Each structure stands twice: as structure tokens, then as C-alpha cells.
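1. generate a structure from the sequence data that follows.
(chains A and B)
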Amino acid sequence: MRIVTWNVNSLPARLPYVLEWAEANGPDVLCLQETKLADDAFPEEALAELGYQVAHYGDGRWNGVAVASRVGLVDPVPGFGSALDEQGCRIVAATCDGVRVHSVYVPNGRSLDSDQYPLKLTWLAGLRSYLAERAKPSEDLVVCGDFNVAPDDRDVWDPAAFQHSTHTSPQERQALEAIVDWGLVDVFRRHHDEGGIFSWWDYRAGDFHQGRGMRIDLALLTKGLADRSTAVAVDRNARKKSAAGNKPSDHAPVVVDVVG
DNA sequence: ATGGTTGCGAAGCAA
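-> This is a model prediction of the structure:
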């Protein structure tokens, strides 16, 4: 099974790219973030033509997450079903061929002195509670998406440049570790030790071509599922203009292959 | 150089 997570930065703007990429790369499960759509505006037909069923959670112009699957999709659950959903439509779950899949878009936090920063930490704590209440580490389960946290300094182009910013603070990293410690594996690190492999680059100032990025798009798998992973890759080519001339998101898709 | 770009939506904010 090929599981992909991709922050598309508006599905209306990105649909041609997403369809082109999906046809070429054949994800069985495609988790999307920042769809920026209400549920009733989701392009179900375009994805159905490629064989995908979709669980989407979105309420308008911002945020919005989806799980698309061509290997079956049952038991969709939008949101936390708690006050955490007031921070936007940022989590949706569904079961795809026996794997419980969660697509998440963690709040950005904006800056360390913003009122959005403690809300980000609260949201991350809420994600851990959600897992603890509804799932077991012994299940085949994946939590993937845009975490807006770089797990360690290998995941940032220049740690010094982020000394006083979000995405690398000890509190954010600890909140992420608490989620992992529930019983998950950052499966990218099962296959790669090196730094400098990123999933997001700012659109501005030529950051992509200068190598100024971060790895903030993660796939967290329960151990049994991670043990069956055969490869993890970031398709940085998808951060460029596509062969068909479509404009890219500022995030690249992360591709996870598992067997069994 | 507190710059630069994209998306949304129609000015300025969020990322």
C-alpha cells in the first residue's frame, strides 16, 4: 500500500496538479491538507474518476483536510468533536483497507509571542488525547500531515535561523514527542538518517532553489505498520512546476510504501 | 534589505 501526505495549499488551485501527480504516482491513500474548501464544494467526481473515495472535513476558505482512498474507505470521522475544532477543520480519519488513517493540519502558531502559539500546543496535546481515547498502538494506524513542527535540527536548513520562531521550539518538539510516545514511529527516520531532506519551502526569495526548507510533513505509523514499511521518500520534484505546466504547492508530497 | 510569493478575494491577512 502506498500512503501519501501532501499539503496542497488550496485544492481548487491545485486540483490539476494533484490529479496529474496521482495518475503518475498511484497513491492508494492520499491525505490532503489545506484544501481550503467547504465539504459541499469538494471535487468528488474528479477524484472518483481516478477511483478514489474521499472523507473531507472543511468549512470554507481556510484549513480543510481529506483522506482519499482507492482501497476502500469506511468509518469516516471528521474533526475531534470537541472545542478543538474551533481552531479550524484540521483532522479527519477513515479506515482504508484495515489501516486507520488520520490526515492532520496542525495550527501554525504564527510566532512564539502570538496567542496562536499556546493554542498550537493545546491542539497537539488534544491530538495525543484523541489517539489515547480512540485507538491502540497495536492497531495498524497512521497519523500523517502537516505538523508545522520540525522534529529535530536535521529537519531545518539552518537551526540558528529559527532560534526565536515557531516550528523548532522545545515546547513544540516535546508536544510532538508526546504524540510519538503514545506508540508511533516517524517512519521517514526508519529509512533516512541524514539531514537536509525537506518537505516545505517558502515560496519567497528563491528558498526552494537555495535549499532553505524544513521537514514538517510527517507520517507517524504504529510500530507494527512501520515495521512493514519498505521505503519513504519526499518527492521534491513535485515542488517544481509540473510537466503539464501546473503550479506547485509550497509543500512536497511524502510517499510511504508498506507491505501486508 | 523585516525583504520575498502565493492564495483568497477584492484590502490585507495568513502562511
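2. tell me where the model's unsure across the stretch 101-250 of chain A.
-> Applying pLDDT under 70 to the stretch 101-250 of chain A flags no residue at all.
3. can you pull the residues of it lying near DNA strand B?
-> Neighbours of DNA strand B within the stretch 101-250 of chain A, by CB under 7 Å from any atom of the strand: A:P107, A:N108, A:R110, A:Q116, A:Y203, A:R204, A:A205, A:K247. Placement of C-beta: from N, CA and C, glycine included.
4. got a PyMOL select line for the buried ones in those residues?
-> Buried residues among these (16 or more other CB atoms under 10 Å), as a PyMOL selection:
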select buried, chain A and resi 107
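5. out of the residues of the stretch 101-250 of chain A next to DNA strand B, who's nearest A:A41?
-> Minimum distance to A:A41 across these is 20.2 Å, recorded for A:K247 (CB to CB).
6. in a markdown table, list the residues of the stretch 101-250 of chain A next to DNA strand B along with distance to A:A150.
-> Conversion of those to a markdown table gives the following (distance: CB to CB, whole Å):
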| residue | distance to A:A150 |
| --- | --- |
| A:P107 | 15 |
| A:N108 | 13 |
| A:R110 | 16 |
| A:Q116 | 18 |
| A:Y203 | 18 |
| A:R204 | 18 |
| A:A205 | 19 |
| A:K247 | 25 |
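7. strands - which of the residues of the stretch 101-250 of chain A next to DNA strand B land there?
-> Among those, no member falls in strands (criterion: DSSP state E).
8. how much space between the nearest residue to A:G213 once chain neighbours are set aside and A:D250?
-> Excluding the flanking residues, the one nearest A:G213 by CB to CB, 6 or more residues apart in numbering is A:F198, at 3.1 Å. Applying CB to CB, to the nearest Å, the value for A:F198 to A:D250 is 11 Å.
9. quick revisit: what sits against the residue nearest to A:G213?
-> A:F198 is in contact with A:D155, A:W157, A:G211, A:G213, A:M214, A:R215, A:V234, A:R236, A:A252, counting by CB atoms under 8 Å, 6 or more residues apart in numbering.
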